[in-house]
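Asker: Need a 3D model of the sequence below.
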Amino acid sequence: MAEERRTKIGQAAGVVYHELKKGDCNMTHLKNHLLENGYDNNTYMMALGWLARENKISIHKSINKWSISLR
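Answerer: Down below sits the predicted model:
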């Protein structure tokens, strides 16, 4: 079960990464993109953590929104 979950998170991280290759995104856009592709909210958040730990993304906060970009 844990290996299956890890695989799903890795796949979701790939979806996020490919979406960010198109340009910076806000968190809402990325979340909706993953939900449309069959991933749940928890998997989305873990995928962001995966990419952040690998130092693949930058997360920025403006006044009232978060944006994410590739490093």
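
Asker: Lys56: neighbour count?
Answerer: 14 (other Cβ atoms under 10 Å). From N, CA and C alone the C-beta is placed, and that goes for glycine too.

Asker: Can you give me every residue that contacts the closest residue to it other than its chain neighbours?
Answerer: Nearest residue to Lys56, sequence neighbours excluded (Cβ to Cβ, 6 or more residues apart in numbering): Arg71, at 6.1 Å. Residues in contact with Arg71 (Cβ atoms under 8 Å, 6 or more residues apart in numbering) are 55-58.

Asker: Trp50 touches Ala13, doesn't it?
Answerer: Yes: assessed by Cβ atoms under 8 Å, Trp50 is found in contact with Ala13 at 4.4 Å.

Asker: so what's in contact with those two at the same time?
Answerer: Joint contacts of Trp50 and Ala13 (Cβ under 8 Å, 6+ apart) do not exist.

Asker: count of residues packed around Thr28?
Answerer: 10.

Asker: Would you quantify the distance from it to Glu4?
Answerer: 28 Å (Cβ to Cβ, to the nearest Å).

Asker: how about the strands of this protein, start to end?
Answerer: Using DSSP state E, the strands found in the chain span residues 25-26, 57-61, 66-70.

Asker: would JSON lines of these with distance to Met45, mean neighbour count and mean pLDDT be doable?
Answerer: Below are the strands of the chain laid out as JSON lines (distance: least, Cβ to Cβ, whole Å; neighbours: other Cβ atoms under 10 Å; pLDDT from 0 to 100):
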{"stretch": "strand 25-26", "distance to Met45": "15", "mean neighbour count": "16", "mean pLDDT": "94"}
{"stretch": "strand 57-61", "distance to Met45": "12", "mean neighbour count": "13", "mean pLDDT": "94"}
{"stretch": "strand 66-70", "distance to Met45": "12", "mean neighbour count": "15", "mean pLDDT": "95"}
